[in-house]
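*Asks:* Give me a 3D structure for the following:
(one chain, ligands or ions: 1)
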Amino acid sequence: MNLIKNLEWRYATKKFDSSKKVSSENLELIKKAIQLSASSYGLQLYKILIIESKALRQKLKSASWGQDQITEASHLIVFCNYTDVNDKHIEGFLNMTAKSQGIEVKNLSGYGDFMKSKIKKMTRSDSFHWTSRQTYLALGNLLSECAELKIDSCPMEGFEPEKYNEILGLSKQGLNAAVIATIGYRSDEDHTQNRPKVRKPLNELFEVL
Ligand SMILES: Cc1cc2nc3c(=O)[nH]c(=O)nc-3n(C[C@H](O)[C@H](O)[C@H](O)COP(=O)(O)O)c2cc1C
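*Replies:* Below is the predicted model:
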């Protein structure tokens, strides 16, 4: 039941108390929750930037529809997907699997070839969207972990990825800003915290076949 209670507690925070900071201990727990996210084949084809710098966030705010959370929150988290998937990503994953599970990498070559064959069939646009989708699972874990820690958060798509890519130098690293989140502590003045949740009724949302 705890998860449900935490999910009822959380809300997309519009106004953060800029004097309150997320501790480094809690930040480590949030990172761990993101690290443990499920991903397709386990490839984790993304990188996550944790932005503390106020100056950098001020620059990014103008590329984020001017939303105040960008500068008022404790931290800005940018989930970046790899724009192009290649054999190196697969080989890196196979080496890590072999090491973690104490097996020889050559014993994983069949699985590696299978993944490579699937990825080769994807267009650039397919793989871009595929890796981008994975970041949303990581975002979901961030939201849940924050709620468990009673840390407020706001998932955000209201930003211009091209500008983020330029400001953060992401394109030259083969990365793209897919989705962002701000984390911190709600301001007492944020009236949205008192609004009842708006959700479709279960009987409309679900159908049992
Ligand atoms: C992918 C995604 C993007 C969102 N983008 C923004 C945003 O840019 N700014 C904002 O204030 N809220 C944003 N939201 C918050 C939603 O509006 C909010 O989650 C929704 O209205 C449900 O309300 P609740 O999260 O408070 O329960 C976003 C939510 C998601 C999941």
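*Asks:* Skip ahead from the longest strand seen in the chain and say which helix or strand is next.
*Replies:* Longest strand of the chain, by residue count under DSSP state E: strand 175-184. As assigned by DSSP states H and E, the chain's next helix or strand after strand 175-184 is helix 202-205.
*Asks:* Go ahead and report the secondary structure state at Ile119.
*Replies:* Counting by DSSP: H, G, I helix; E, B strand; the rest coil, the backbone at Ile119 sits in helix.
*Asks:* buried ones in whichever strand or helix holds Ser132?
*Replies:* Under the criterion of DSSP H and E, Ser132 resides in helix 124-148. By neighbour count on 16 or more other Cβ atoms under 10 Å, the buried set for helix 124-148 is 127-128, 130-132, 134-135, 137-139, 141-148. Bear in mind the C-beta positions are built from the backbone N, C-alpha and C, glycine included.
*Asks:* Which residue would be the closest one in the protein to the ligand?
*Replies:* Residue nearest to the ligand within the chain: Gly158 (2.7 Å; Cβ to the nearest ligand atom).
*Asks:* Would you report the backbone torsion angles of that residue?
*Replies:* Per-residue torsions, Gly158: phi -80, psi 70 (degrees, to the nearest 10).
*Asks:* and the gap between it and Ser53?
*Replies:* Noted for Gly158: a distance of 20 Å to Ser53, by Cβ to Cβ, to the nearest Å.
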